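1. how does the following fold in three dimensions:
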Amino acid sequence: MADKTIVCKDCSKEFIFTEGEQAFYAEKGFENEPKRCPDCRRAKKNQSREF
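-> Prediction:
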């Protein structure tokens with residue numbers, strides 16, 4: 001596996017999906033790559049906790 005560059009669906013910034021992250025996703029059985037950058041993921045997670 002090699003690092004992948006992905007464009008965030010929320011802010012349109014590019015972020016790197018590292019080999020280590022890819023291995024972690026595979027280990028956990030996740031089939032889809034992340035669609036949001038780490039900052040947007042964190043913001044979305046915090047937003048859902050407010051309700």
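2. in the chain, where's the longest helix?
-> helix 38-49 (DSSP state H).
3. so which residues make contact with that one?
-> Residues from elsewhere that reach helix 38-49 (Cβ atoms under 8 Å, 6 or more residues apart in numbering): 8, 10-11, 15, 34, 36. Placement of C-beta: from N, CA and C, glycine included.
4. repeat that for stretch 23-32.
-> For stretch 23-32, contacts defined as Cβ under 8 Å, 6+ apart pick out 1, 33-34.
5. just the buried subset of the contacts of helix 38-49, written out for ChimeraX, thanks.
-> To isolate the buried members of the contacts of helix 38-49 in ChimeraX, using 16 or more other Cβ atoms under 10 Å:
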select :8,15,34,36
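6. need the max-distance pair from the contacts of helix 38-49.
-> C11 and P34 (13.0 Å; Cβ to Cβ).
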